[in-house]
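Asks: with the sequence up front, the predicted model follows.
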Number of protein chains: 2
Amino acid sequence: MIGKLYGVGLGPGDPELMTLKAYRLIQNADVIAYPTLEGGESFARAIAAAALPDGVEEIAIHVPMSVKREPAQAAYDTGAAQIAVALDVGKSVVVLCEGDPFFYGSFMYLFSRLSDRYETEVVAGVTSVTACAAAMQKPLTARNEVLTIIPGPISADDLHARVRGAEAVAIMKVGRHLPKIKKVLADLNLTQHAVYVERATLPVEKVLPLADAPEPAPYFSMILVTKGNDPWL
Amino acid sequence: MIGKLYGVGLGPGDPELMTLKAYRLIQNADVIAYPTLEGGESFARAIAAAALPDGVEEIAIHVPMSVKREPAQAAYDTGAAQIAVALDVGKSVVVLCEGDPFFYGSFMYLFSRLSDRYETEVVAGVTSVTACAAAMQKPLTARNEVLTIIPGPISADDLHARVRGAEAVAIMKVGRHLPKIKKVLADLNLTQHAVYVERATLPVEKVLPLADAPEPAPYFSMILVTKGNDPWL
């Protein structure tokens, strides 16, 4: 019997924001797998730590940091091959994913390598976007507002064009892109509508007006821009 | 002692996609509150049903269906007043929210009426957007792709303009707007990139190519458009 592959979203960081389903699947997993950046700690594994069964087999996928994409893809090749070995002998494999597996997640690189050969289920998780809105205590989108979610690394020109026509905006993966993002939002006169949120739902969470955002910002930070168009709010 | 107000996201429909925190808060609630459309069933209450403590006090907020907004706002006034009475005598009140409270949710109308007077915590939930991506078994956004989330009720012209410049797109609350949305996507040559998902994560879930979407579509349906720009997928 062949095992089943699960890509399981763990939410934004607070282990209690894991879903009941994620918790159950992890507790019953034969094998867990997760990426680590250059052999460092795995944030996903840290979120799931309390749910891991004793003695569960672990596959750590060491993803090298590089502007070139080939080295990371080679790491996913290796990880997928290790997962396939476990599935072939009937073990269930749960891939631990920060946030949601299909929302800017690395799980998709395992999914693309394995899902045509193995039964695969993706379990959605709470994303950092709505976790940041909860942290800033302000509705993200009401009624017929459009929400645009933008990764911070895109160019200043692209960012300007995307934000200018938008209603509510979430800019993810801020990190070292903070100065660029601040300038674009200032040029668009949106600074006073922008909130900076860092490590939402963790004990070290920070929520600040954009003007007070610390530099350098960590990778796990976000800027939310809400214009509050609903006159009933 | 004054009670605390919680706006708690329950996820897209499968009760197992509730977070551990939502489950704990509901189990310990003195009072639960939830909207119902014109006195009908509450979807939020149905999702939470198995978690409700015996004999919990319930506040149902009957929101009338109307193009005018005043009648609904009057219902939220009444609901907020009932919740305030419970909070004033020290009861904890959990407002049950489909999906996420601040993502197109009606909770924001209670939040705007109560959060300046009462301690209020918002607990993020899994949104239907990532649940639909999991259901269609296709990554929603990779790396630096922009995601645009659009409510189906906006005009055909606005929809055309929003989708034309976009990368990944999620069109929510499809319902009776399906014919309009199909036409806009056909005009933009995007039909073959579009997937229709209905009641994601429920036993009656449907995932279909847009061309096969049934008419009329239910309110709880979505169209996802992904162009798959990542050459490594």
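Replies: Received, thanks.
Asks: contacts and neighbour counts: CA atoms only from here.
Replies: Fine.
Asks: residues contacting the residue of chain A found nearest chain B?
Replies: Closest to chain B within chain A is residue A:19: 3.9 Å, counting by Cα to the nearest Cα. Contacts for residue A:19 (Cα atoms under 8 Å, 6 or more residues apart in numbering or on different chains) come out as A:10-11, A:125, B:16-20.
Asks: ok, the residue nearest to residue A:139 when sequence neighbours are not counted - contacts?
Replies: Distance criterion Cα to Cα, 6 or more residues apart in numbering or on different chains; nearest residue to residue A:139, sequence neighbours excluded, is residue B:102 at 4.5 Å. Contact analysis of residue B:102 by Cα under 8 Å, 6+ apart lists A:130, A:133-134, A:138-142, B:108, B:124.
Asks: want to try TSV for those, with pLDDT, distance to residue B:76 and secondary structure as columns?
Replies: Shown next, in TSV, are the contacts of residue B:102 (pLDDT from 0 to 100; distance: Cα to Cα, whole Å; DSSP: H, G, I helix; E, B strand; the rest coil):
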residue	pLDDT	distance to residue B:76	secondary structure
A:130	98	23	helix
A:133	98	22	helix
A:134	98	20	helix
A:138	94	18	coil
A:139	95	16	coil
A:140	95	19	coil
A:141	95	18	strand
A:142	90	15	coil
B:108	96	10	helix
B:124	98	21	coil
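Asks: of these, which pair is most distant in space?
Replies: Largest separation among these by Cα to Cα: A:142 and B:124, giving 15.4 Å.
Asks: show me the shaky parts of chain A.
Replies: Residue ranges of chain A with pLDDT under 70: A:229.
Asks: try 80
Replies: Along chain A, segments meeting pLDDT under 80 span A:38-39, A:67, A:228-233.
Asks: and the residue nearest in space to the middle of chain A, what does it touch?
Replies: In chain A, the centroid-proximal residue (Cα atoms, centre = their mean) is residue A:99; its distance is 4.2 Å. Counting by Cα under 8 Å, 6+ apart, residue A:99 touches A:9-13, A:105, A:125-128.
Asks: now the phi/psi pair for the closest residue to residue A:10 other than its chain neighbours, please.
Replies: In space, and not counting its chain neighbours, residue A:10 is closest to residue A:18: 4.8 Å by Cα to Cα, 6+ apart. Backbone torsions of residue A:18, given as degrees, to the nearest 10, read phi -70, psi 150.
Asks: just the element for residue A:145, please.
Replies: Taking DSSP states H and E as the definition, residue A:145 sits outside all helices and strands.
Asks: hang on, the earlier thing: the residue nearest to residue A:10 and residue A:124 touch, don't they?
Replies: No - counting by Cα atoms under 8 Å, residue A:18 does not reach residue A:124; the two are 9.9 Å apart.
Asks: list residues touching both of those two?
Replies: What both residue A:18 and residue A:124 touch, as defined by Cα under 8 Å, 6+ apart, is the set residue A:9.
Asks: these two: who's more crowded?
Replies: residue A:124 (35 against 31; other Cα atoms under 10 Å in any protein chain shown).
Asks: of the contacts of residue B:102, buried ones?
Replies: The neighbour-count test (16 or more other Cα atoms under 10 Å in any protein chain shown) marks A:130, A:133-134, A:138-142, B:108, B:124 as buried among these.
Asks: assumed residue A:23 was part of a helix.
Replies: Yes - counting by DSSP: H, G, I helix; E, B strand; the rest coil, residue A:23 falls inside a helix.
Asks: so what's the closest residue in space to it that isn't next to it in sequence up against?
Replies: Of all residues not flanking residue A:23 in the chain, residue A:51 sits nearest, at 6.2 Å (Cα to Cα, 6+ apart). Residue A:51 makes contact with A:23, A:26-27, according to Cα under 8 Å, 6+ apart.
Asks: neighbour count added to those, as CSV?
Replies: Shown next, in CSV, are the contacts of residue A:51 (neighbours: other Cα atoms under 10 Å in any protein chain shown):
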residue, neighbour count
A:23, 21
A:26, 25
A:27, 17
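Asks: how long is stretch A:199-213 from one end to the other?
Replies: One end of stretch A:199-213 to the other measures 13 Å (Cα to Cα, to the nearest Å).
Asks: over to stretch A:46-66?
Replies: 24 Å.
Asks: buried stuff in that stretch?
Replies: Buried residues in stretch A:46-66, counted by 16+ other Cα under 10 Å: A:47-48, A:51-52, A:58-64.
Asks: which one of the contacts of residue A:51 is nearest residue B:196?
Replies: Minimum distance to residue B:196 across the contacts of residue A:51 is 28.8 Å, recorded for residue A:23 (Cα to Cα).
Asks: next one: the closest one from residue B:48, what distance?
Replies: For residue A:23, the distance to residue B:48 equals 17 Å [Cα to Cα].
Asks: same deal with residue A:126?
Replies: Distance from residue A:126 to residue B:48, by Cα to Cα: 17 Å.
Asks: try residue A:65
Replies: Distance from residue A:65 to residue B:48, by Cα to Cα: 42 Å.
Asks: got it, and residue A:12?
Replies: Using Cα to Cα, residue A:12 is found at 22 Å from residue B:48.
Asks: enumerate the positions of the longest helix anywhere in chain A that are buried.
Replies: Across chain A, the helix with the greatest residue count (assigned by DSSP state H) is helix A:70-88. Buried residues in helix A:70-88, defined by neighbour count with 16+ other Cα under 10 Å: A:72-73, A:75-77, A:79-80, A:83-84, A:86-87.
Asks: same question, stretch A:89-97
Replies: A:91-97.
Asks: what about it, distance to the chain center?
Replies: 20 Å (Cα atoms, centre = their mean, to the nearest Å).
Asks: same question, stretch A:92-112
Replies: From the chain centre to the centre of stretch A:92-112 is a distance of 10 Å (Cα atoms, centre = their mean).
Asks: what distance separates the start and the end of that stretch?
Replies: End-to-end distance for stretch A:92-112, by Cα to Cα: 18 Å.
Asks: with stretch A:168-176 instead?
Replies: In stretch A:168-176, first residue to last residue: 22 Å (Cα to Cα).
Asks: and it, is it in reach of chain B?
Replies: No - using Cα under 8 Å from any Cα of the partner chain, stretch A:168-176 stays clear of chain B, coming no nearer than 9.4 Å.
Asks: having no further points to raise, I will conclude here.
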